[in-house]
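Asker: Here is my input, please return the structure:
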Amino acid sequence: MFYINPPRGKIPLYITEECVINRLQYLNLLYNKEECKFSGKFQYLLEDSPYDNIGHFTLRLLVSTTPESWNHWLTRERLLLRHRLNHLLPRQLHRLFRNILRRSKNYDRHEAACIKLSLITLSAHFLRPDVFRHIISDEHTTGCDLFPFKVIFTAVPDLVKERKLQLERGYCVVHCSMWKIVLESLFHRLIQLEYNIYKTDMQNTVRMDSRLQLMSQRLTKSILTPKIESNANITALNIDNEARKFPPCMRHLHLVLRKKHRLSHYARFYYSLFLKDCGMNLDNSIAYWRDEYSKPHTCESGCTHKWQESEKKFIYSIRHLYGLEGARVNYGSPNCQTIFNADPGPRYEGGCPFKILDNEQLKDVFNSCLIDDDIQRELIKLKGENAGAACGLFLQATNDDKSHVVVQSPLEYYIHVNKHI
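Answerer: Residues are numbered from 1 along each chain as shown. Alright, predicted model coming up:
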């Protein structure tokens, strides 16, 4: 399960395709916590089997053609490792350490010397009889600090950044309870490092082989083309229809983005969090923002970034909002008070429309919702008196809802509308 050296030998193409398809299907189900629904062939997923290795390395090669495909796959592959580590039997764990130790010694990438040394140190440490008996015993707890060892800090920079390990003279002190976290970090670092070094070679290999190129195109299309799922309220494909249910503040940001293809920093931040909490998953979010930011911008928001030039930064920032990068904080969408009080600068397109928009701008929002002229006049009148009452009237007018609702956040507004459809 810890893939260091690719397998050798020959295998029929159709078997390779089945290994890849079954693996990707299982990875996606595992990511969505629906692995029990897997209907493929489990023999292609048996840990450390030839099929398992072929599926991993072939899929690794095929997804190297685009950063989105790579990030999509690596996130799920890392999750598979974590899932397997949590379900290992003692004999399987012992075999895992032996395999890592043996394969690490034969690994000759000088760019990954610190990772190789750390893997050897970790495996040799936990293969010690006293240490191994301890980590499989009932005495080993999640906070156990016995049997510490050290790894070079440059091998696990993500754990250093998150302050999960104690630094001591250029080394990280690892207690026995941290072995899974460290192993997962080294796994991610090793694969990402090889991608950074050999990305061009990997992509050329795919381009030069028509069979691999066809498989890669199919996988990329299935990964990057978002599907409307029953359990996802908003997707990159149905967002224009769903935007009709948005509160005025978020509807306004949606219209600005569709018209100018850019938003200022805080507007993009608040709008992204709102979409996330409404049910837009990570893949759809990346597809949605990629589509907009790949178009020429027609705005003065100060944002002149292009997706083609800043793709990695965009993907990182989106993943960060979903708690998958950086400090891995689970950010929540803003409430009405935050939006009403927000004043990040003159180029900020956000805020409460009943506070910041003039009458002509409000009419553009109302016209997009097909609100009657009489109600529009009432909304404009309430604008200067009570923004909250205006938002409540807006909800009634756009959804034929006669109930009196006190909305505390854009998310609450959206949930209420969906309940009364």
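
Asker: for the chain, what's the longest helix?
Answerer: helix 179-208 (DSSP state H).

Asker: Quick check: mean pLDDT of that one?
Answerer: Mean pLDDT, helix 179-208: 90.

Asker: likewise stretch 52-72?
Answerer: Averaging pLDDT along stretch 52-72 gives 89.

Asker: do the same with stretch 23-36
Answerer: The predicted model gives stretch 23-36 an average pLDDT of 88.

Asker: Now find how far off-centre it is within its chain.
Answerer: If you compare the mean C-alpha spot of stretch 23-36 with that of the full chain, they lie 15 Å apart, counting by Cα atoms, centre = their mean, to the nearest Å.

Asker: can you check stretch 88-107 too?
Answerer: 30 Å.

Asker: likewise stretch 102-122?
Answerer: Once both centres are worked out by Cα atoms, centre = their mean, stretch 102-122 turns out to sit 29 Å from its chain's centre.

Asker: before we move on, what about stretch 114-128?
Answerer: Mean-position distance between stretch 114-128 and its chain equals 30 Å (Cα atoms, centre = their mean).

Asker: Quick check: buried residues in it?
Answerer: Going by neighbour count (16 or more other Cβ atoms under 10 Å), the buried part of stretch 114-128 is C114, I115, K116, S118, L119, I120, T121, L122, S123, H125, F126. Backbone N, C-alpha and C define where each C-beta goes, glycine included.

Asker: next one: phi and psi at the most centrally placed residue in the chain?
Answerer: The centre of the chain sits closest to R319, judged by Cα atoms, centre = their mean, with a distance of 4.3 Å. With angles defined as degrees, to the nearest 10, R319 sits at phi -60, psi -30.

Asker: so where's the stretch 301-421 of the chain uncertain?
Answerer: In the predicted model, the stretch 301-421 of the chain carries pLDDT under 70 at residues 301-304, 327, 329-330, 344-346, 368, 384-388, 400-407, 420-421.

Asker: Can you list the residue ranges for helices in the stretch 201-350 of the chain?
Answerer: In the stretch 201-350 of the chain, the segments counted as helices under DSSP state H, counting those that start in this stretch are 210-224, 239-242, 248-260, 265-278, 282-293, 311-321, 336-341.

Asker: Out of the ones you listed, the one nearest T200 is which?
Answerer: Comparing the helices of the stretch 201-350 of the chain by their distance to T200 (Cβ to Cβ), the top pick is helix 210-224, with 14.9 Å.

Asker: From the rest of the structure, what touches the closest one?
Answerer: For helix 210-224, the surrounding residues in contact (Cβ atoms under 8 Å, 6 or more residues apart in numbering) are 13, 17, 20, 24, 59, 61-63, 65-66, 68-69, 72-73, 205-207, 283, 287.

Asker: Among the residues you listed, which ones are in helices?
Answerer: Using DSSP H, the members of the contacts of helix 210-224 that fall within helices are 13, 17, 20, 24, 59, 61-62, 68-69, 72-73, 205-207, 283, 287.

Asker: and the residue nearest to the residue nearest to the centre of the chain when sequence neighbours are not counted, how many residues sit next to it?
Answerer: Once its chain neighbours are removed from consideration, R319 has its nearest residue in E325; the separation is 4.6 Å (Cβ to Cβ, 6 or more residues apart in numbering). Burial measure for E325: 16 neighbouring residues, criterion other Cβ atoms under 10 Å.
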